[in-house]
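Asker: sharing a model prediction with you, sequence too.
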Amino acid sequence: MSRTVCALFALCIFVPAAPAPAADSVTIAQAIDEALQHNLSLLAERSTLTIADAQMIAAKLRPNPVFSFSADHLDWLGTGYNAENNGGPPEIAWRLDVPLERGGKREARMALASVVKSAADAQFADAVRALRQDVTLACIDTVNHALALRALERSQRDLRFARALFLSDRIPDGTPVPAGIDDVLSYLHYPQPHRVRISSTNPLERLNLEIRRRTRVIGIFPHAGACLRLIGMLLVERHEDWLTDDKAYLTFDDLSGEEPAAKVVTMAANQ
């Protein structure tokens, strides 16, 4: 009996716990729909549309006739008319006012309400576009942040391995080599002056950020050609900066005779 109890106790200890349920993932489309339904600024823009619709309906209405009725000197108490109470016979009046609009006033009122309605529709559409863009960029930034954290962990692991590799003359037998270590250390095959430029993708990432900043200022391009012209102009400008003497991306003047430019190009082609 005691052996059975001990076996059950050991089984409860060493059986792994069930993994926690993964959090439900949210797609970009779901995030956009959620923002469109619960965004307070967008709700305010929808109220503007309602006001514009009411103004449009009021502008189409024609003025109605107005009937008015009045009564004075009514002898409700039965005192009658005499010189002391200064009363008089009952006075009852009624009238019917029929307003007449001059020609074109109703059409001008409807045209003004139509312009207000079109402006409200355009403002609401722009608010929806801006909200979709903000939510999409926020989702992309979140994904990029998660990918950057994973890449940072892999880079730190590869860096520790590379540091151990260069500090020791020989890798111990059985040491696992991280996948992609050749790609990480491929810049070491190039001349020393070029390693600072090609050891990371920071210049390219800075160029992508500059392109993104310029395009977000414009927002909406009329057609694809306008976007290509803007990005092409930025690339040509950066290319000219990299060709100058003080900002040259790669220079071959300080290389030794054993490492001419042709050898560097050949090494790059073989990677």
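Answerer: Cool, the structure landed.
Asker: residue ranges with poor pLDDT in this protein?
Answerer: By pLDDT under 70, the weakly predicted segments of the chain are 1-24, 83, 86-87, 163-185, 245-271.
Asker: how's it carved up into domains?
Answerer: By the assignment in automatic domain parsing, the chain contains the domains 113-180, 185-271.
Asker: where do the helices of the stretch 101-250 of the chain begin and end?
Answerer: Remark: helices assigned in the stretch 101-250 of the chain by DSSP state H, counting those that start in this stretch are 105-167, 181-184, 192-198, 202-218, 224-243.
Asker: turn the ones you listed into CSV, including distance to H38 and mean neighbour count.
Answerer: C-beta here means a position set from N, CA and C on the backbone, and glycine is covered the same way. Formatted as CSV, these follow (distance: least, CB to CB, whole Å; neighbours: other CB atoms under 10 Å):
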stretch, distance to H38, mean neighbour count
helix 105-167, 11, 13
helix 181-184, 44, 13
helix 192-198, 47, 14
helix 202-218, 25, 11
helix 224-243, 32, 12
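Asker: and these as JSON lines, adding distance to N64?
Answerer: Converted to JSON lines, the helices of the stretch 101-250 of the chain look like this (distance: least, CB to CB, whole Å):
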{"stretch": "helix 105-167", "distance to N64": "13"}
{"stretch": "helix 181-184", "distance to N64": "82"}
{"stretch": "helix 192-198", "distance to N64": "81"}
{"stretch": "helix 202-218", "distance to N64": "51"}
{"stretch": "helix 224-243", "distance to N64": "53"}
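Asker: tell me the SS of R95?
Answerer: Secondary structure, DSSP: H, G, I helix; E, B strand; the rest coil: R95 is strand.
Asker: kindly state the beta-bridge partners for it.
Answerer: S68 (DSSP bridges).
Asker: so P89 makes contact with Y81?
Answerer: Yes: applying CB atoms under 8 Å as the test, P89 and Y81 come out as touching, 6.6 Å apart.
Asker: between these two, which has more neighbouring residues?
Answerer: Y81 (12 against 9; other CB atoms under 10 Å).
Asker: wait, doesn't that one sit right on P90?
Answerer: No: counting by CB under 8 Å, Y81 does not reach P90; the two are 9.7 Å apart.
Asker: spell out which residues are contacts of both of those two.
Answerer: D75 (CB atoms under 8 Å, 6 or more residues apart in numbering).
Asker: how close does W94 get to L234?
Answerer: 79 Å (CB to CB, to the nearest Å).
Asker: do the same with A146
Answerer: Taking CB to CB, one finds A146 at 28 Å from L234.
Asker: please apply the same query to I28.
Answerer: 27 Å.
Asker: what does E153 give?
Answerer: E153 is 33 Å from L234, by CB to CB.
Asker: just D241 next, same as before
Answerer: 11 Å.
Asker: show me the residue at the heart of the chain, geometrically.
Answerer: D134 (1.4 Å; CA atoms, centre = their mean).
Asker: and stretch 43-51, which residues are buried?
Answerer: Using 16 or more other CB atoms under 10 Å as the test for burial, stretch 43-51 gives E45, T48.
Asker: with just CA atoms, put that stretch into CSV.
Answerer: What follows is stretch 43-51 as a C-alpha-only set of coordinates in CSV (Å, rounded to 0.1, in the frame of the first residue of the first chain):
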residue,chain,number,x,y,z
LEU,A,43,-18.7,58.7,-33.1
ALA,A,44,-18.6,62.5,-33.0
GLU,A,45,-18.1,62.6,-36.8
ARG,A,46,-21.2,60.4,-37.2
SER,A,47,-23.3,62.9,-35.2
THR,A,48,-22.1,65.6,-37.6
LEU,A,49,-23.6,63.5,-40.4
THR,A,50,-26.9,63.2,-38.6
ILE,A,51,-27.0,67.0,-38.2
